[in-house]
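Novice: Have a look; sequence and predicted model below, questions after that.
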Amino acid sequence: QVQLVESGGGLVQPGGSLRLSCAVSGPISSLNSMGWYRQAPGKQRELVALISIDGSRTKYADSVKGRFAISTDNTKNTLYLQMNSLVPEDAAKYYCQAKEVSTWYDYWGQGAQVTVSS
């Protein structure tokens, strides 16, 4: 059973930066990709970024390309999301996600709140 725990959320001013972390426990070898999603109040959950479990392939939502970077540190079993040049539209609850290879089952973390406001 894979467990995901996010950290690093908080309040940041427009133009600022924040780094989210997702600690992964359990059988990482059972995963083929991980990602970050976000959900703002009244809106559907949307993809922010994806990364293959070996870190070789990434995918970003158009709205965050060039500003956000997803990465993994397999020695620490941690997924990161570096967020730069934040705008109020980036404010949301950010969720860490991991997909299981054999079943395509999605694991989710509990979410980390990001608020962008002056």
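Specialist: Happy to help now that I have it.
Novice: tell me which element the residue positioned nearest the centre of the chain is part of?
Specialist: Nearest to the mean C-alpha position of the chain, by Cα atoms, centre = their mean, lies Trp36 at 2.6 Å. Per DSSP states H and E, Trp36 falls inside strand 31-39.
Novice: Within the sheet, what are the partner strands of that strand, with directions?
Specialist: Partner strands and pairing direction for strand 31-39 (DSSP bridges) are strand 46-52 (antiparallel), strand 92-100 (antiparallel).
Novice: Return the set of buried residues in that strand.
Specialist: For strand 31-39, the neighbour count (16 or more other Cβ atoms under 10 Å) marks 31, 33-38 as buried. In this view, the C-beta of every residue, glycine as well, is placed from N, C-alpha and C.
Novice: swap in stretch 45-63?
Specialist: 48-51, 53, 60.
Novice: mind putting those in TSV, distance to Lys99 and pLDDT included?
Specialist: Output for these, formatted as TSV (distance: Cβ to Cβ, whole Å; pLDDT from 0 to 100):
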residue	distance to Lys99	pLDDT
Val48	15	98
Ala49	14	98
Leu50	9	98
Ile51	11	96
Ile53	9	89
Tyr60	17	98
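Novice: I'd like the strands paired with strand 31-39 laid out as a markdown table, including distance to Thr115.
Specialist: A markdown table is the format used below for these (distance: least, Cβ to Cβ, whole Å):
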| stretch | distance to Thr115 |
| --- | --- |
| strand 46-52 | 16 |
| strand 92-100 | 9 |
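Novice: looking at the ones you listed, which is closest to Gly10?
Specialist: Gly10 sits nearest to strand 92-100 of all the strands paired with strand 31-39, at 11.1 Å, using Cβ to Cβ.
Novice: What residues of that closest one count as buried?
Specialist: Burial within strand 92-100, assessed by neighbour count using 16+ other Cβ under 10 Å, is assigned to 92-99.
Novice: check contacts around Arg67.
Specialist: 83-86 (Cβ atoms under 8 Å, 6 or more residues apart in numbering).
Novice: Done for today, thanks.
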